[in-house]
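Chemist: Structure of the sequence below:
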Amino acid sequence: MSADQIDPQAKRAAARQSRIPLPHGRYKLKLLRLLTGPLSRLQNRNPPSIGAIESVTVPGPAGELDARLYLPDGDPPYPTVVFFHGGGFVLGSVETHDWLCRHLTRESGCAVLSVEYRLAPEHPFPAAVEDAYAAVEWAAASTERLRGTGEVAVAGDSAGGNLAAVAALMAAERDGPDVAHQALLYPGIGVDPEQESVREHAGVVLSREDIEWFSDCYYRNDIHRRNPYADPINAGDLSGVAPATVVTAGFDPLRDGGTAYAERLVADGVATRYENYPAMVHGFMTMREVDRARDAIADVGADLADALDG
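Modeler: Alright, predicted model coming up:
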């Protein structure tokens, strides 16, 4: 599952990222959030070109949610991919994932709606889930606003991959929107401290302490951790959910949880393409300097295009 060593480009990118340690307290978290915006805007200079970008407001259960709509070149209508950013449920924004969403738009030919959601610890589970599912419902009902074809998929990375999977599960169980595909990029699903990937790779991008702190901020207690809408690995039956693409990274502590979820999907009869990138690290698909990031985005984009006829 892991290569002999981390890809040199990914290793350098991870080392640069580690210069700003993840916070394990509310005060430090607020400081990092303040820094993240300006740093992201600086990194997002000279972005990949696409057709157009629009700011969008999505109605949520506790207020309006900021979102960014990425439109591909070409004439509408376009299929819609609702995207949820990673960040351990406590960090991240449309800015931090602008580069990834632009490339995903280019590679899929779909419109990508990147949605912000309420963050923990101020808003623990189920706030993010409620926001994510509300965004999918709105996207499915807002074809004219989004210049959409009516076809909708969900996607997300890390914590956002969890939310995308949960939104797909909720849509299936609640007779909700018809979700055509789910793209789960090194998702935060089914993580267990005793897994081989955690034992061997904790400290590469994510430490055990990082994983535990994010988990405590979001789940708050063991009852919530066992809720299928908090972690869909706990679902009794996944047979009705959308076909899936699941991507993992060999040196990612979250790898085995993502693998286990892909296996559950297959076991329950869900058409699933699983791909592990053995020399990659957690978050690699947002790392601009890593060539394999573009390869992985192109493959995921092709899956979405095939599923949505984009």
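
Chemist: from here on, contacts and neighbour counts on C-alpha atoms
Modeler: Will do.

Chemist: From Phe214, how far off is Gln5?
Modeler: As judged by Cα to Cα, to the nearest Å, Gln5 and Phe214 stand 27 Å apart.

Chemist: cool, and Leu104?
Modeler: Here Leu104 is placed at a distance of 26 Å from Phe214 (Cα to Cα).

Chemist: In terms of neighbours, single out the busier of those two.
Modeler: Neighbours per residue, other Cα atoms under 10 Å: of Leu104 and Phe214, the larger number sits with Leu104, 27 against 22.

Chemist: so which strand or helix has that one?
Modeler: Counting by DSSP states H and E, the element that carries Leu104 is helix 98-108.

Chemist: neighbouring contacts of that helix?
Modeler: Contacts of helix 98-108 from elsewhere in the structure, counted by Cα atoms under 8 Å, 6 or more residues apart in numbering, are 44, 47-50, 70-73, 83, 111-112, 114, 285-286, 288, 294, 297-298, 300-305, 310.

Chemist: What average pLDDT does stretch 5-15 get?
Modeler: In this model, stretch 5-15 carries a mean pLDDT of 97.

Chemist: Off-centre distance for that stretch?
Modeler: 21 Å (Cα atoms, centre = their mean, to the nearest Å).

Chemist: Equivalent analysis for stretch 245-261, please.
Modeler: Relative to its chain's centre, stretch 245-261 lies at 13 Å (Cα atoms, centre = their mean).

Chemist: measure that stretch end to end?
Modeler: 11 Å.

Chemist: which of the residues in that stretch are buried?
Modeler: By neighbour count, with 16 or more other Cα atoms under 10 Å as the criterion, the buried positions of stretch 245-261 are 245-259, 261.

Chemist: now do stretch 286-305
Modeler: Of all the residues in stretch 286-305, those buried under the rule 16+ other Cα under 10 Å are 286-288, 290, 292-294, 296-305.

Chemist: Looking at those residues, which are in helices?
Modeler: Filtering those for membership in helices, criterion DSSP state H, returns 292-294, 296-305.

Chemist: Columns pLDDT and distance to Thr36 on top of the residues you listed, output as JSON lines?
Modeler: Shown next, in JSON lines, are those (pLDDT from 0 to 100; distance: Cα to Cα, whole Å):
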{"residue": "Arg292", "pLDDT": "97", "distance to Thr36": "24"}
{"residue": "Ala293", "pLDDT": "98", "distance to Thr36": "21"}
{"residue": "Arg294", "pLDDT": "97", "distance to Thr36": "23"}
{"residue": "Ala296", "pLDDT": "98", "distance to Thr36": "25"}
{"residue": "Ile297", "pLDDT": "98", "distance to Thr36": "23"}
{"residue": "Ala298", "pLDDT": "98", "distance to Thr36": "27"}
{"residue": "Asp299", "pLDDT": "98", "distance to Thr36": "28"}
{"residue": "Val300", "pLDDT": "98", "distance to Thr36": "26"}
{"residue": "Gly301", "pLDDT": "98", "distance to Thr36": "27"}
{"residue": "Ala302", "pLDDT": "98", "distance to Thr36": "30"}
{"residue": "Asp303", "pLDDT": "98", "distance to Thr36": "31"}
{"residue": "Leu304", "pLDDT": "98", "distance to Thr36": "29"}
{"residue": "Ala305", "pLDDT": "98", "distance to Thr36": "31"}
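
Chemist: Would you map the strands across the stretch 151-300 of the chain?
Modeler: Along the stretch 151-300 of the chain, counting by DSSP state E, counting those that start in this stretch, strands occupy 179-185, 244-249, 272-277.

Chemist: could I get those as JSON lines with distance to Tyr133?
Modeler: Below are these laid out as JSON lines (distance: least, Cα to Cα, whole Å):
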{"stretch": "strand 179-185", "distance to Tyr133": "11"}
{"stretch": "strand 244-249", "distance to Tyr133": "17"}
{"stretch": "strand 272-277", "distance to Tyr133": "22"}
